[in-house]
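Asker: Fold the following, please.
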Amino acid sequence: MTTTAPMAIGQPTDRVDGRHKVSGTAHYSADYVLDNMSYAFLVGARVASGRITAIDTSEALDCDGVLAVLTHENLPRTAAQPPLIPSLAGMPAPGQTFFPMQDDAVHYTGQPVAVVVADTLERAQHAAALVRVTIDRTPSVTTLDEGRDQVYEPEAIFAGFIPGRNQRGDFRAGLARAEVQIDAAFTYAANNHNPIEPSATTAVWDGDELTLYDATQGVAATQLTVAALLGLTPSKVRVVSHFVGGSFGCKAMIWAHPALSALAARHVGRPVKLALTREQMFTSVGHREEQEQRITLGATHEGRLTALRHHKLSPTSPFDDWAEPSLGVASQIYACPNYEGVYELIRANIMTPTFMRAPGEASGMFALECAMDELAQQLGLDPVELRLRNHTDVDPNTGNPWSSDGFQECLRRGAERFGWQRRNPEPRSHRDGNWLIGYGMAAAGYPVYGPNNPQRARARIYADGSAVVQAATPDFGTGVATVMTQVAADALGIPIERCRFEGGDTMLPTIAAAVGSSGAGMISAAVHTAAGNLRDQLIAQAVADAQSPLHGADPASVTVRGGRMMLRDRPDTGESYSELLHRNFLPDTEAMGTWSPAPQTANYGMMTFGAQFAEVAVDAELGVVRVRRMVGAFAPGRVLNPKTARSQLMGGMIWGLGQALLEANYMDPVRGRWVASSLGDYLIPVNADAPEVDVELIEVEDKIVNPLGVKGVGEVGQVGAAAAIANAIHHATGRRVRKTPITIEDLL
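Answerer: Okay, the predicted model is just below:
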């Protein structure tokens with residue numbers, strides 16, 4: 001294999017899209033203004049369960065500018081409902097196996113029951129308020145307490161990918177051998193997605209060809225889902241998504257609004273923009289479900305785990321067995337021979353829950369890591385030492401070795417960076433005036449997911465020496481355009497300023513949705529392969545060209561630096577890409593790259609490890625909590641760009657603060673509605689809440705996961721953060737709170 005001198009990978013490169021975002025030239029899905037544009041507005045059901053007995057649209061249709069009111073009575077039936085498959089699979093990925101406005105049934109509050117289309121947004125909103133929907137209400141179940149007599153154990157969750165029950169060894173025998181036991185129950189409020197950009201789609205037809213400008217994590221997922229729903233071949237559907245203002249899971253799966261906008265645009269014969277309001281984001285794009293988890297730990301006096309039982313109960317929709325996989329990492333991160341994990345569900349009048357940043361890991365590890373802290377206290381062991389004693393070199397579920405580890409180093413380096421050695425283990429032993437000071441820690445882990453299907457990219461170089469690399473992936477805030485520019489520049493051996501990345505369009509080579517922290521690994525693999533293929537193609541052309549200084553050379557002896565091909569042992573012998581292309585009258589040349597995970601990946605456990613530390617101050621009289629410091633140490637394989645990686649990890653850690661102290665939504669069981677439906681009611685961390693956040697990146701070599709050894713950092717930063725804060729609160733106050741969020745009332 002021909003090599004190039006590394007130049008860009010590993011450098012803290014500024015974001016290439018930064019200027020567009022701060023100058024307002026970045027176009028998001030709702031920013032596209034097309035000729036003859038019209039605007040759609042959703043009318044949602046106001047009850048959680050029932051049958052529509054009448055819809056009066058006459059007042060709405062009489063309003064100025066109204067073009068149509070679509071209901072179940074006149075909306076075309078969908079061609080097919082694709083199965084519920086995670087978008088990383090590269091197939092259609094509906095958020096739920098239910099599409100609204102196909103009949104008169106109402107399954108949850110906020111379910112779309114009408115779409116109003118008008119020539120302005122204001123007119124559409126006004127007319128929507130005049131649509132009179134009469135619903136014969138039926139009894140509903142919207143909370144765990146209401147559904148406790150309906151609990152069932154599903155065969156599988158997560159679209160059938162994860163068994164409802166997982167066991168290894170003999171839990172009861174392991175617990176009987178334990179010298180110390182912990183049994184603890186945890187409750188979690190539901191969480192809602194609130195990215196800066198609410199979901200939006202603009203649809204335009206050209207004959208039988210459809211273009212969607214959609215806010216999505218995967219343009220192919222939108223393309224394939226809408227094509228299946230409308231009965232179109234995917235080649236007739238183009239999806240564009242150049243800039244996405246955050247997602248965190250709500251734009252990973254494809255909800256009803258892209259297809260509804262397309263159906264509305266076809267009905268009125270002009271482009272239609274359908275943008276969800278902030279209130280509609282609470283009822284239209286899934287959520288992290290309310291849940292209860294129970295942990296039982298058994299251990300020896302030395303702190304070696306002998307048994308672990310982890311059960312989870314949560315509500316799902318009437319149509320899908322969905323639960324976030326909270327038991328996954330929690331079952332793998334420690335060496336424990338005897339394990340039992342069980343998911344239990346109830347059918348509720350809610351929409352299908354969905355991915356939210358660190359889906360499952362954030363909640364499951366909160367329970368486990370708080371229980372581990374309690375175990376450490378009972379044993380009189382340092383919490384860091386307890387975790388070190390239970391480190392495992394293999395995935396306990398399979399016995400396969402980790403493709404790479406770094407967990408122990410994260411624990412030690414994080415503790416050193418935080419100043420853990422200064423901690424007095426006795427609760428309420430640290431004070432700062434009236435503030436009780438606490439120090440807490442927790443482990444972090446996140447699976448390394450990869451696609452099952454090939455991922456593709458294209459690299460093209462021009463005769464002036466500049467290059468462009470293309471893949472369909474959108475950038476939803478992670479910095480993928482910046483990092484892939486670095487990857488391509490290194491593979492081609494050209495300066496980063498001479499390289500550009502294009503993405504966010506299904507006209508480009510297909511990449512699966514970048515979910516589950518998989519984007520950096522799979523996209524870089526495809527880009528690296530494409531750019532490497534192009535580089536090798538150019539070198540092969542040079543050594544075959546009688547006019548080239550490299551004619552007749554062994555291609556393996558040629559390296560590339562600064563866009564110049566040269567002999568490794570004689571750098572003065574060579575020529576630039578530009579010289580080769582000009583001489584052969586080639587304005588440009590290109591190559592494709594395809595990457596699929598190697599078969600041997602099945603023989604390894606793959607996880608990104610980390611460790612989280614937090615310092616909190618709790619007002620001894622008022623119960624107010626302030627997080628003063630957070631430290632995280634993470635081992636994400638090879639770090640492509642430390643600046644964007646730290647940004648992702650910092651964001652995850654601050655979201656962990658929100659999980660621990662602020663974020664919550666509750667169902668009003670009488671009305672079957674979310675109590676919070678705006679950012680005035682649903683609390684998230686703001687700048688005033690953000691503490692000093694320190695992130696350490698520990699690079700570990702991984703030759704298994706993908707060509708560059710990249711694991712991903714998008715979600716592991718949240719895992720463990722809430723538990724570290726909860727454990728710090730216990731250290732400060734002596735009070736163990738087993739719920740999220742932890743509120744002032746819990747500490748008074």
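Asker: what's the burial count for Ala358?
Answerer: 33 (other C-beta atoms under 10 Å). C-beta: built from backbone N, CA, C; applies to glycine.
Asker: can I assume it is in contact with Gly445?
Answerer: No - Ala358 is not in contact with Gly445 according to C-beta atoms under 8 Å; the separation is 10.0 Å.
Asker: Quick check: neighbours shared by the two?
Answerer: Val716, Val719 (C-beta atoms under 8 Å, 6 or more residues apart in numbering).
Asker: which is the next helix or strand following the top helix by length along the chain?
Answerer: If you go by DSSP state H, the chain has its longest helix at helix 519-544. Once helix 519-544 ends, the next helix or strand along the chain (criterion: DSSP states H and E) is strand 558-561.
Asker: Can you say which helix or strand has Thr53 in it?
Answerer: Secondary structure from DSSP H and E places Thr53 in strand 50-56.
Asker: List the buried residues in the longest helix of the chain.
Answerer: Across helix 519-544, burial judged by 16 or more other C-beta atoms under 10 Å covers 519-536, 538-539, 541-543.
Asker: ditto for stretch 728-739
Answerer: Ala728, Ile729, His730, His731, Ala732, Thr733, Val737, Arg738, Lys739.
Asker: Show me those residues that map onto strands.
Answerer: Among the buried residues of stretch 728-739, the members found in strands (DSSP state E) are Lys739.
Asker: from the buried residues of stretch 728-739, which ones fall inside helices?
Answerer: Ala728, Ile729, His730, His731, Ala732, Thr733.
Asker: quick one: contacts for the last one?
Answerer: Thr733 makes contact with Pro427, Arg428, Leu436, Gly438, Val618, Leu747 under the criterion C-beta under 8 Å, 6+ apart.
Asker: swap in the fifth one?
Answerer: Contact partners of Ala732, counting by C-beta under 8 Å, 6+ apart, are Pro427, Arg428, His430, Leu436, Ile437, Gly438, Val616, Ala617, Val618.
Asker: In TSV, list these along with secondary structure, neighbour count and pLDDT.
Answerer: Converted to TSV, those look like this (DSSP: H, G, I helix; E, B strand; the rest coil; neighbours: other C-beta atoms under 10 Å; pLDDT from 0 to 100):
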residue	secondary structure	neighbour count	pLDDT
Pro427	coil	17	97
Arg428	coil	17	97
His430	strand	18	96
Leu436	strand	23	98
Ile437	strand	19	98
Gly438	strand	27	98
Val616	strand	31	98
Ala617	strand	23	98
Val618	strand	24	98
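Asker: Could I get these in TSV, plus columns for distance to His310?
Answerer: As requested, the contacts of Ala732 are exported to TSV (distance: C-beta to C-beta, whole Å):
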residue	distance to His310
Pro427	26
Arg428	30
His430	32
Leu436	31
Ile437	31
Gly438	26
Val616	26
Ala617	32
Val618	29
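Asker: Tell me the one of the residues you listed nearest Val285?
Answerer: Val285 lies nearest to Val616 out of the contacts of Ala732, by C-beta to C-beta, at 32.1 Å.
Asker: Name the nearest residue to that closest one, ignoring sequence neighbours.
Answerer: Ala728 (4.3 Å; C-beta to C-beta, 6 or more residues apart in numbering).
Asker: any idea how far Leu747 is from the one you found?
Answerer: To Leu747, Ala728 is 12 Å away according to C-beta to C-beta, to the nearest Å.
Asker: same question, Phe248
Answerer: Phe248 is 28 Å from Leu747, by C-beta to C-beta.
Asker: Neighbour count for those two, which is higher?
Answerer: Using other C-beta under 10 Å as the criterion, Phe248 and Leu747 rank with Phe248 on top: 24 against 19.
Asker: Tell me who's in contact with the residue nearest to Ser596 when sequence neighbours are not counted.
Answerer: Counting by C-beta to C-beta, 6+ apart, Ser596 lies nearest to Pro454, which is 4.7 Å off, once chain neighbours are set aside. By C-beta under 8 Å, 6+ apart, Pro454 lies in contact with Thr594, Trp595, Ser596.
Asker: so who does the last one touch?
Answerer: Spelled out, it's Ser596. Residues near Ser596 by C-beta under 8 Å, 6+ apart: Pro451, Asn453, Pro454, Gln455.
Asker: Of the residues you listed - the most surrounded one?
Answerer: Neighbour max across these (other C-beta under 10 Å) = Gln455, 29 neighbours.
Asker: Can you verify my assumption that it contacts Ala514?
Answerer: No - between Gln455 and Ala514 there is no contact under C-beta under 8 Å: 10.2 Å.
Asker: Quickly list what's touching both of the two.
Answerer: Met522, Ile523.
Asker: Now flag whichever of the contacts of Pro454 is closest to Lys711.
Answerer: Closest to Lys711, out of all of the contacts of Pro454 and judged by C-beta to C-beta, is Trp595, at 15.5 Å.
Asker: Fine by me, thanks again.
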